[in-house]
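A.B. asks: Give the three-dimensional model of this entry:
(one chain, ligands or ions: 3)
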Amino acid sequence: MQILVFLSLLLVYPADFLYLWEPRTLQCLSKDCKLSKNADQTGLVPANCSFSGKSGNPEIECDIECDGAERDSVISKKPTDYRYCNRFFTYNTRKTSDGKWTIWRNGTCAIANITMTVHCAFPL
Ligand SMILES: *[C@@H]1O[C@H](CO)[C@@H](O)[C@H](O)[C@H]1NC(C)=O
Ligand SMILES: *[C@@H]1O[C@H](CO)[C@@H](O)[C@H](O)[C@H]1NC(C)=O
Ligand SMILES: *[C@@H]1O[C@H](CO)[C@@H](O)[C@H](O)[C@H]1NC(C)=O
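C.D. replies: Numbering: from 1, shown residues only. Ligands and ions are numbered 1, 2, ... in the order given. So this is what the prediction gives:
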């Protein structure tokens, strides 16, 4: 039975089996962000973030340490209903030209207390 499920998943989502998916959680109290690479969100260490923008329109971008990943997943956030954080408009992931992955936030989301979890797909 498990083999059947696996085989049918392989037919439906062949590309997903070529990757190792690793979790990343960025926990931010305003501009102070910590990063965890564990599924249970333990082992938080200070994230490497850079700041730009003006005081009225701050921007913060933090390395999520997914160097070399090819894809990323849906981002989940906590609290889920914080209205100032909208993917694409005030936060998202970004792959930099040197192959690093970041999560950026701007506007009111840049100073929000928010936790975001994403998965990075590393080629096997
Ligand atoms: C933090 O990010 C900056 C800018 O990308 C980089 O130059 C620096 O090496 C990074 N530091 C660490 C500890 O990763
Ligand atoms: C935040 O960045 C996005 C993408 O660059 C942009 O569309 C949006 O206008 C920015 N929002 C603010 C408040 O600066
Ligand atoms: C974020 O959390 C800190 C500490 O708990 C609190 O003082 C601050 O008011 C919170 N900020 C927002 C925007 O909720």
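A.B. asks: Helices along this structure, start to end?
C.D. replies: 2-12 (DSSP state H).
A.B. asks: Residue numbers of it in contact with ligand 2?
C.D. replies: Asn57, Phe89, Thr90, Asn106, Gly107 (Cβ under 6 Å from any ligand atom). Every C-beta, even on glycine, is put in place using the N, C-alpha and C of the backbone.
A.B. asks: who's in contact with the last one?
C.D. replies: By Cβ atoms under 8 Å, 6 or more residues apart in numbering, the contact set of Gly107 is Asn57, Pro58, Tyr84, Phe89, Thr90.
A.B. asks: Residues of the protein that sit close to ligand 1?
C.D. replies: Residues of the chain lying near ligand 1 (Cβ under 6 Å from any ligand atom): Asn48, Ser50, Asp63.
A.B. asks: how deep is the second one tucked in, by neighbour count?
C.D. replies: So that's Ser50. 11 (other Cβ atoms under 10 Å).
A.B. asks: Could you measure from the one residue in the chain that gets nearest to ligand 2 over to ligand 1?
C.D. replies: Residue nearest to ligand 2 within the chain (Cβ to the nearest ligand atom): Gly107, separated by 3.0 Å. Here the criterion is Cβ to the nearest ligand atom, to the nearest Å. By it, Gly107 lies 22 Å from ligand 1.
A.B. asks: same question, Ala112
C.D. replies: Distance from Ala112 to ligand 1, by Cβ to the nearest ligand atom: 22 Å.
A.B. asks: returning to what we had before: can I get the residues of the chain next to ligand 2 in a markdown table with pLDDT and distance to Leu18?
C.D. replies: As requested, the residues of the chain next to ligand 2 are arranged in a markdown table below (pLDDT from 0 to 100; distance: Cβ to Cβ, whole Å):
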| residue | pLDDT | distance to Leu18 |
| --- | --- | --- |
| Asn57 | 86 | 40 |
| Phe89 | 96 | 31 |
| Thr90 | 96 | 32 |
| Asn106 | 96 | 33 |
| Gly107 | 94 | 36 |
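A.B. asks: Fine by me, we can end here.
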